[in-house]
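Participant: any chance you could fold what I've pasted below:
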Amino acid sequence: HVLSMVQHGLPAALCHHQSCDWRLELFGRAGHQNRGGGAEMTYEIPQKLQYEEKIIFGLTFRQLVYVPFFIIPALMIYLKSHLPFLMRIALSALLAAIGILFMFFNLLGYLKNLVSWMRFREARMTDQKMKEFLGLKKVEKQVLYVERK
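Facilitator: Modelled structure (predicted):
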């Protein structure tokens with residue numbers, strides 16, 4: 001039964017202990033029960049952690065936002081420009097590649113992380129921001145004293 005559930009895309013898991021039963025249900029719920037009469041532990045299994053609606057051509061709205069900024073200018077340079085042929089191909093390919101990186105590989109997220117890293121790379125242990133970030137009370141003789149929460 002578990003094999004047929006996996007083939008149909010349903011979540012499935014197996015327990016190899018002889019004293020346990022795995023109970024799988026539809027609607028993304030799973031339970032682990034001990035045959036000895038122990039309490040059942042039931043929990044939700046998220047079906048999709050992040051879902052974005054596909055608008056057109058299998059692209060999400062976030063991906064479609066980049067089309068007018070990169071793909072359309074790349075096509076215009078390639079089709080309408082009076083530049084030499086190799087220059088048109090090079091510029092069009094460069095714009096299209098940057099657009100594809102933004103659309104499918106989250107280049108914006110990487111750029112945001114890079115900017116954050118560039119701002120924070122000069123941090124020292126004695127800086128106030130670093131102390132707040134790590135939750136430090138004080139630093140003495142290479143010993144870090146942290147706040148308990």
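Participant: now L59: closest residue in space, sequence neighbours ignored.
Facilitator: M103 (7.4 Å; C-beta to C-beta, 6 or more residues apart in numbering). The C-beta positions use only the backbone N, C-alpha and C, and glycine is treated the same way.
Participant: so how far is L79 from the one you found?
Facilitator: 21 Å (C-beta to C-beta, to the nearest Å).
Participant: next one: F85
Facilitator: In terms of C-beta to C-beta, F85 sits 12 Å off from L79.
Participant: same question, L59
Facilitator: Distance from L59 to L79, by C-beta to C-beta: 22 Å.
Participant: and what of F102?
Facilitator: Taken as C-beta to C-beta, the span from F102 to L79 is 22 Å.
Participant: I figured the residue nearest to L59 hits F61, correct?
Facilitator: No: contact criterion C-beta atoms under 8 Å: M103 and F61 do not qualify, at 11.4 Å.
Participant: name the residue in those two with the higher neighbour count.
Facilitator: Between M103 and F61, M103 has the larger neighbour count (other C-beta atoms under 10 Å), namely 20 against 11.
Participant: pull out the buried residues from the helix or strand harbouring the more buried one.
Facilitator: Element membership of M103, judged by DSSP states H and E, is helix 85-104. Judged by neighbour count (16 or more other C-beta atoms under 10 Å), helix 85-104 contains these buried residues: 88, 91-92, 95-96, 98-103.
Participant: format those as JSON lines; extra columns: pLDDT.
Facilitator: Converted to JSON lines, the buried residues of helix 85-104 look like this (pLDDT from 0 to 100):
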{"residue": "R88", "pLDDT": "96"}
{"residue": "L91", "pLDDT": "96"}
{"residue": "S92", "pLDDT": "96"}
{"residue": "L95", "pLDDT": "96"}
{"residue": "A96", "pLDDT": "95"}
{"residue": "I98", "pLDDT": "96"}
{"residue": "G99", "pLDDT": "95"}
{"residue": "I100", "pLDDT": "94"}
{"residue": "L101", "pLDDT": "95"}
{"residue": "F102", "pLDDT": "94"}
{"residue": "M103", "pLDDT": "93"}
